[in-house]
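Participant: next comes the sequence, and after it the predicted model I'd like to discuss.
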Amino acid sequence: MSDHSVVKFDCKFNVEKFKTDDKFQLDKGCYDKLIEYLDINWDEMLESQNKTVDENWEDFKSVLLKGMNMFIPKVKKSPIKWKKNFHPFNKDI
């Protein structure tokens, strides 16, 4: 006779497909041109008395990303491939 009980249940997972973004090929960037592009008067751009820190961050990020898109090529990321021993749970669950 066993003192163990068996619990049986069904789990149904609804896994949504997601679009993968392109990935920068950082090793193939034309950094000399990016540096030239980013050679602007940052003080003038970011020292406005009417802007918040968040607005300045968005302005900086916009200029940087525009330069990266111009001078660093991208490649399509392949979707995540499920590993043989895939476990959908982690220590946080």
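Facilitator: Done, it's in. Residues are numbered from 1 along each chain as shown.
Participant: and for the spatially most central residue of the chain, nearest residue in space, chain neighbours not counted?
Facilitator: With distances taken as Cα atoms, centre = their mean, Asp21 lies nearest the centre of the chain, 8.0 Å away. Of all residues not flanking Asp21 in the chain, Lys77 sits nearest, at 6.5 Å (Cβ to Cβ, 6 or more residues apart in numbering). C-beta coordinates here come from the backbone N, C-alpha and C atoms, glycine included.
Participant: gap between that neighbour and Lys66?
Facilitator: 21 Å (Cβ to Cβ, to the nearest Å).
Participant: same thing with Lys51?
Facilitator: Distance from Lys51 to Lys66, by Cβ to Cβ: 18 Å.
Participant: how close does Phe71 get to Leu46?
Facilitator: Counting by Cβ to Cβ, the gap from Phe71 to Leu46 is 22 Å.
Participant: which one's more surrounded, those two?
Facilitator: Phe71 (18 against 14; other Cβ atoms under 10 Å).
Participant: do a quick rundown of the helices in the chain.
Facilitator: 31-37, 42-46, 53-71 (DSSP state H).
Participant: just to revisit the earlier point, what is the burial count for the residue nearest to Asp21?
Facilitator: 11.
Participant: wait, doesn't it sit right on Phe24?
Facilitator: No: taking Cβ atoms under 8 Å as the definition, Lys77 is not a contact partner of Phe24, at 10.4 Å.
Participant: so what sits against both of these two?
Facilitator: Among the neighbours of Lys77, none is also in contact with Phe24 (Cβ atoms under 8 Å, 6 or more residues apart in numbering).
Participant: shaky segments in this structure?
Facilitator: Scanning the chain for pLDDT under 70 picks out the ranges 1-2, 15-20, 78-93.
Participant: mind redoing it with 90?
Facilitator: Applying pLDDT under 90 to the chain flags the ranges 1-23, 43-52, 75-93.
Participant: now do Phe60 against Gly67, distance only.
Facilitator: Phe60 is 11 Å from Gly67, by Cβ to Cβ.
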